[in-house]
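**Q** I'd like to go over a predicted model; first the sequence, then the structure.
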Amino acid sequence: MALHRGELSDAKSKIAQMDTKLEELKQILNAHPDLSSNLVKVAYQEYTEAHIYHSLVLKGNFPNPEKLMVSSLHFILGLADTIGELRRRSLDCLLDGQLKQAKRWLTFMEEIYRQLITLEDAYVLAPELRRKCDIGRRVIESTLSDIVLASRRHSLQNTIERLDKRLARHPI
């Protein structure tokens, strides 16, 4: 949320807190391996999603899964969830009139989706990945539609402004 609001220092602080909490979680799981549950899986996914989104916004690239020290499965599931965050980023850009930036975020969304759909073997290990990919596809299509509409509006607005200038110079 801090990244969406443009509060970069707060986002960095929250990422550091997440890193600390993840280490604490790993220690607990090492001491009590029987505690592994769906909640732990979700925590890893959220952690990964936040790191991916943070890296894309600040550096324009994807983080290394090994550097995050999460399993490939958690990375993939977090990556799938990142598509929704990128849609919000893209829509924020559209609201600010930044069509080129909105398209950039859409490109990241499409890249993630293209990579995820090639991971058919991962569907066996993470059945929820198929659902996440289906949702990601719909989110991408909606975002593309929003960008196309904004682009057409922008083009129409420019055409009207040029016509207004012509009419002002050469009244009918």
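**A** Thanks, I have it. Numbers count the residues shown, from 1 in each chain.

**Q** What segments of this protein are helices?
**A** Under the criterion DSSP state H, the chain contains helices at 2-5, 8-31, 38-59, 65-68, 72-95, 99-116, 120-125, 128-169.

**Q** and the nearest residue to residue 54 once chain neighbours are set aside, how far is that from residue 55?
**A** Ranked by CB to CB, 6 or more residues apart in numbering and with sequence neighbours excluded, the top spatial neighbour of residue 54 is residue 15, at 5.6 Å. Every C-beta, even on glycine, is put in place using the N, C-alpha and C of the backbone. According to CB to CB, to the nearest Å, residue 15 and residue 55 sit 10 Å apart.

**Q** How about the contacts made by the residue nearest to residue 54?
**A** Neighbour list for residue 15: 50-51, 54 [criterion: CB atoms under 8 Å, 6 or more residues apart in numbering].

**Q** Does residue 45 touch residue 77 like I think?
**A** Yes. Shown here, residue 45 and residue 77 form a contact pair, counting by CB atoms under 8 Å, at 4.6 Å.

**Q** end to end, how far does stretch 67-76 reach?
**A** With CA to CA, to the nearest Å as the measure, stretch 67-76 spans 14 Å from end to end.

**Q** Need the residues that contact that stretch.
**A** With contacts defined as CB under 8 Å, 6+ apart, stretch 67-76 is touched by 22, 41, 44-45, 47-48, 51, 65, 78, 116, 119, 122, 125-126, 129.

**Q** Could you pick out the buried ones from those?
**A** 22, 41, 44-45, 47-48, 51, 65, 78, 116, 119, 122, 126, 129 (16 or more other CB atoms under 10 Å).

**Q** Any idea which helix or strand in the chain has the lowest mean pLDDT?
**A** helix 120-125 (a mean of 78; mean pLDDT, DSSP states H and E).
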